[in-house]
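Chemist: Sequence plus the predicted model coming up.
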Amino acid sequence: MIAIIDYKAGNLKSVECALKKLGFPCCITHNNKEILGSERIIFPGVGAAGQAIADLRHLGLDKVLRQALETGKPILGICLGAQIILDKSEENNTQCLGLISGDVKLFPSLLFSREKERLKIPHMGWNSVHLVKRHPVLEGIKPADEFYFVHSYYPMPASDKYIIGTTDYGIEFPSIIGYKNLIAMQFHPEKSGTPGLKILKNFCTWNGHYAE
Amino acid sequence: MLSKRIIPCLDVRNGKTTKGIKFKENVDIGDPVKMARFYYEEGADEIVFYDITASSERRDIMIDVVRRVAEEIFIPFSVGGGIRTIEDMRTVLLAGAEKVSVNTAAVKNPEIISEGAGVFGSQCIVLGMDVKKVELSEKIPSGYEIVIHGGRTYTGIDALAWAKKAEDLGAGEICLNSIDADGTKQGYEIALTSLISKNVNIPVIASGGAGNINHMHDVLKYAKADAALIASIVHYGTYTIKQIKDELNSRGIKVRNTW
């Protein structure tokens, strides 16, 4: 069973639909016992960091996630779930979970493309990912594949060793991060067509081992 | 680099798509779920549904459509038409849509934008704007006025001022429809799209007037639209989405071309 963590943060239904399509049993839950008893965890989220952290703490899920990380259970963070695993966020000046050291930063307000065109915030739409490391969850992903992003903040780990993939939006920002049994992506694999479903499928069969 | 998005739009009445469709393959004409799936597989970047069901009692049918679409397609989709309250938004989003769009309801009650953005996040809230070109005046300094009821009612609201206000209220995106260009197949309203897109910092989807790929090229390149909405040119089989994307790519517009 795959636990999709429910902390009132946005569209859990589409993650559930994608897993059902792929044929992996899953449940949407905030029950601590059920999450710790699951085989793997998906930590999604859209919304604001401040509220998300408050809701997670209220439900005791901050401790559950830490415990799951320590026991080696595969964990997948998506969107906000790839941000609030860091130490702190510029969004609402929030103290976050600290599973990976680093900060969550707001895109600079004046952002330009290589062609000197002004770029809008949020970064919304399809963009590619440059993989800087190989990872079992990203097996079969090609350089031309694109993924659906929608965000104004991005994760910035304290060390390059946590960066698995980067994306170009005026700046080159980390779009896939992780270590050990945790992998997290800023884009929405559940909304990124075939390549996104491939990532979810890989995650659902990943044993949580990753040699950096 | 971010791709420009190509977004087919489906009008749905009482759970059925309303425009005559000429699919080459054996697609059940009139079923929004099957059409959405067809466009998903053809490479659409997103899908927009407009519920034009007249009676509010029949809205449950649309919710059922949204639920089934969410099970079938794995790209974002938005739902507009008849969304008047936060509860309407919640129902549509919980059924599996990524975004909701508000149009008339926001003109009548702009706070629905800020309330919706506060509860669900800006990324969920699309402002639909129906716009007509008018004489320049003190009240309408941009020369473009917001209209409602399919263009029959002038609101006295300046389109540029409204777009900026909606951005301040927390709209995450604008779907900008030119009533003058809509249905003409003579091209998007370039001046209007350019005016709005360059003056807000949220994405703008150009809508109304697409008749060929050149029109799409122009609105994405010269008017700086972030996405182009299309309807009849794909519904009636003039082009496939793949053809559109291949040509745009060859003319230097970056669009997603593998899926």
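Modeler: Perfect, thanks for sending it. Residues are numbered from 1 along each chain as shown, chains lettered A, B, ... in the order given.
Chemist: Helix or strand next in line after the lowest-mean-pLDDT helix or strand in chain B, which one?
Modeler: Lowest by mean pLDDT, DSSP states H and E among the helices and strands of chain B is strand B:16-17, with a mean of 88. Next helix or strand after strand B:16-17 toward the C-terminus (DSSP states H and E): helix B:32-42.
Chemist: helices or strands next to that following helix in the packing?
Modeler: strand B:5-13, strand B:16-17, strand B:47-51, helix B:59-72, helix B:241-250 (3 or more CB pairs under 8 Å, 6 or more residues apart in numbering or on different chains; DSSP states H and E). Bear in mind the C-beta positions are built from the backbone N, C-alpha and C, glycine included.
Chemist: Would you map the helices across chain A?
Modeler: A:12-22, A:32-37, A:49-58, A:61-70, A:193-205 (DSSP state H).
Chemist: Surely residue B:69 touches residue B:38?
Modeler: No: counting by CB atoms under 8 Å, residue B:69 does not reach residue B:38; the two are 11.9 Å apart.
Chemist: quick one, which of these two is more surrounded?
Modeler: residue B:69 (25 against 20; other CB atoms under 10 Å in any protein chain shown).
Chemist: From chain A, how far off is that one?
Modeler: 10 Å (CB to the nearest CB, to the nearest Å).
Chemist: quick one: pLDDT of that residue?
Modeler: The per-residue pLDDT reported for residue B:69 equals 97.
Chemist: For it, which residues are in contact?
Modeler: Residue B:69 sits next to B:32, B:33, B:36, B:47, B:49, B:77, B:96, B:97 when contact means CB atoms under 8 Å, 6 or more residues apart in numbering or on different chains.
Chemist: what's the neighbour count on the first one?
Modeler: Which is residue B:32. 23.
Chemist: now swap in the fourth one and tell me
Modeler: The number of residues packed near residue B:47 is 24, by other CB under 10 Å.
Chemist: which bits of the stretch 51-200 of chain B sit near chain A?
Modeler: Contact residues (CB under 8 Å from any CB of the partner chain) of the stretch 51-200 of chain B with chain A: B:70-71, B:74-76, B:93-96, B:98, B:120-124, B:172-173, B:200.
Chemist: From the residues you listed, list the buried ones, please.
Modeler: Taking 16 or more other CB atoms under 10 Å in any protein chain shown as the criterion, what is buried in those is B:70-71, B:74-76, B:93, B:95-96, B:98, B:120-124, B:172-173, B:200.
Chemist: Out of the residues you listed, which sit inside strands?
Modeler: If you go by DSSP state E, those have residue B:173 in strands.
Chemist: Switch the contacts of residue B:69 over to CSV; also include distance to residue A:209.
Modeler: Shown next, in CSV, are those (distance: CB to CB, whole Å):
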residue, distance to residue A:209
B:32, 44
B:33, 40
B:36, 38
B:47, 38
B:49, 43
B:77, 36
B:96, 33
B:97, 37
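Chemist: Out of these, which comes closest to residue B:238?
Modeler: Checking those against residue B:238 by CB to CB gives residue B:47 as the nearest, at 18.3 Å.
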